[in-house]
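Chemist: coords below, sequence missing:
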């Protein structure tokens, strides 16, 4: 298969400008465009639908309220009252990932959540923020997070390194989960799309049907991964408040 | 794999920071407070409506109670009135009847007396006449002499049979 027909070609970044600040290249690319579209969709939707501020909501306003309540409920279920402070951040994160995934489902539109650097940056913000929060709340005692009480003493030399490693791998697991799901889903769609073209006569209808089904699945995954990202962020925030 | 090509890492990070920061600040400062206000306003309206509904309900039950007590009072008054008026009517009727009875009795008495009087008068007249007739008969037949006293005695002895 030629390089230009590769299913991975869709992930290539195409710069629209050639902007350099110092020695850094901050060109506006198709990835940046996707991010801007995502942010525009979110801000416009949430602003315009709630603009009438009616007591009896319109259908569109109801969608915004549903999203608001969904994340508020998620935070209060996992973190409790402490979680209210982080609501804007978790909501932004959820909406950014969700709409980013959805924008990526539009044909020919770039999916920025399929890039490990983007998801890792988001996960790193969560990880660093939560770690700082843990130290602010508990000081040096935060290290007891790695000490599991009620375990025989001879298990600790084994368990503490495992706990530390699992803690440090949080940003990796968080970012790779989203990145890999998006990468795999979009690659699969492209592979089946290649089959539609490659197969003779009308037998291409079968992979086309698969694409339709997979698109539905991908929309589900787009939502699911945004939800997972948000709920794990909530759980990490909770860990920063309640050690074992 | 294009994802592992570090050529555009800085650009992606830069635009991620720009877009996500804008999104975060915008949602934090504008969108979320708006939605929160709407939800709060609705919550408040609902609870206000519920409170006022409860108050109205209490008021309505109070009014109901007043109506019932007034109705009860009115019924009691009415039955009292009926009772008292029927008693007074009965009394009046009784008094009227008594009076009538007395009058009738008096009239009966009068009539009885009048009858008695006329009866005794007629008895004495009859006796008188019997005496006259007896005396005349004796004087006409004339074979024996009877004194007036004897005749009178005989006549008065008939008084019982006349009665």
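Modeler: Received it, and whenever you're ready, just let me know what you need. In this text the structure is predicted, and so the values were computed from the model without any measurement. Residues are numbered from 1 along each chain as shown, chains lettered A, B, ... in the order given.

Chemist: The helix or strand containing residue A:136 packs against which elements?
Modeler: Element membership of residue A:136, judged by DSSP states H and E, is helix A:116-138. Packing contacts for helix A:116-138, counted by 3 or more CB pairs under 8 Å, 6 or more residues apart in numbering or on different chains; DSSP states H and E, involve helix A:87-105, helix A:170-198, helix A:205-241, helix B:9-26. From N, CA and C alone the C-beta is placed, and that goes for glycine too.

Chemist: Could you check the angle the host helix or strand of residue B:105 makes with helix A:87-105?
Modeler: Residue B:105 is located in helix B:32-141, with elements delineated by DSSP H and E. Helix B:32-141 and helix A:87-105 meet at an angle of 110 degrees, taking axes from the mean of the first three to the mean of the last three CA atoms, to 10 degrees as the criterion.

Chemist: so which of the helices and strands packed on helix A:116-138 gets nearest residue B:136?
Modeler: When those are compared for distance to residue B:136 using CB to CB, the nearest one is helix A:87-105, at 152.8 Å.

Chemist: touching chain B at all, the closest one?
Modeler: Yes: applying CB under 8 Å from any CB of the partner chain, one finds helix A:87-105 touching chain B at A:87, A:88, A:89, A:91, A:92, A:95, A:96.

Chemist: My guess is the third one contacts residue B:24. True?
Modeler: Yep, that's residue A:89 we're talking about. Yes: counting by CB atoms under 8 Å, residue A:89 touches residue B:24, with 6.5 Å between them.

Chemist: Centroid-nearest residue for the chain?
Modeler: The chain I'm using is chain A. Relative to the mean C-alpha position of chain A, the nearest C-alpha, by CA atoms, centre = their mean, is the one of residue A:97, at 4.1 Å.

Chemist: You answered for a different chain; I wanted chain B.
Modeler: Most central in chain B under CA atoms, centre = their mean is residue B:79, positioned 2.2 Å from the mean C-alpha point.

Chemist: ok, that one to residue B:86 distance?
Modeler: As for residue B:79, its distance to residue B:86 is 10 Å (criterion: CB to CB, to the nearest Å).

Chemist: Please apply the same query to residue B:31.
Modeler: Residue B:31 is 81 Å from residue B:86, where distance means CB to CB.

Chemist: Which of the two has more residues huddled nearby?
Modeler: Neighbour count, other CB atoms under 10 Å in any protein chain shown: between residue B:31 and residue B:86, residue B:31 has more, with 25 against 10.

Chemist: quick one: the more buried one from residue A:102, how far?
Modeler: The spacing between residue B:31 and residue A:102, counted by CB to CB, is 18 Å.

Chemist: ditto for residue B:97
Modeler: Distance, residue B:97 to residue A:102, using CB to CB: 105 Å.

Chemist: same check, this time on residue A:36
Modeler: With the distance defined as CB to CB, residue A:36 ends up 15 Å from residue A:102.

Chemist: same check, this time on residue B:89
Modeler: 94 Å.

Chemist: again, but for residue B:147
Modeler: In this structure, residue B:147 and residue A:102 are separated by 164 Å, where distance is defined by CB to CB.

Chemist: neighbour-wise, which of these two wins?
Modeler: When residue B:147 is set against residue A:102 and neighbours are counted by other CB under 10 Å, the residue ahead is residue A:102, at 19 against 8.

Chemist: Thought residue A:222 was touching the more buried one, still the case?
Modeler: Yes: with contact defined as CB under 8 Å, residue A:102 reaches residue A:222; the gap is 5.6 Å.

Chemist: can you state the direction angle for the helix holding residue A:136 and helix B:9-26?
Modeler: Computed with the same axes, to 10 degrees, the direction of helix A:116-138 lies at 50 degrees from that of helix B:9-26.
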